[in-house]
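Engineer: Quick one, structure for this:
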Amino acid sequence: MRAVLLAMLVVLATGCSREIGDECSSNTDCGENRICDLSQKGGYCTITPCRPGDCPGEAVCVEFNKDTSYCMRACDGRRPCRTGYVCVTDFNGIEGFCDQAQPPAE
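Structural biologist: Here you go, the predicted model:
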């Protein structure tokens, strides 16, 4: 009985792992080798630094400048972004990724 309960607990714990781009409030929310970027609205699970091909399947590596790169949630017509985020499709030739929606210019 204990073995069954332990096995169920392991399955539940791994089945709920966060993906790149998920909301978070601390690094522990995001899982092993990931951080919570609190500068993003609602927090943003990510990996930094990264290189092209380093990110998990749901993400792409975005190089914002030569010293700053993050795994960002990939998006397109079939993979939308979470609320408050938009799919950026015209950034340095990188396929779409989810980033904060910018307020309209006044």
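
Engineer: now this structure, which segments are flagged as low pLDDT?
Structural biologist: Across the chain, the ranges flagged by pLDDT under 70 are 1-16, 103-106.

Engineer: from what I can see V62 touches M72, true?
Structural biologist: Yes - between V62 and M72 there is a contact under CB atoms under 8 Å: 4.7 Å. C-beta here means a position set from N, CA and C on the backbone, and glycine is covered the same way.

Engineer: Show me the common contact partners of these two, please.
Structural biologist: The contact sets of V62 and M72 overlap at F97 (CB atoms under 8 Å, 6 or more residues apart in numbering).

Engineer: the more surrounded of the two?
Structural biologist: Between V62 and M72, counting by other CB atoms under 10 Å, M72 is the more crowded of the two (30 against 23).

Engineer: List the residues that contact that one.
Structural biologist: Contacts for M72 (CB under 8 Å, 6+ apart) come out as 20-21, 46, 55, 59-62, 97-99.
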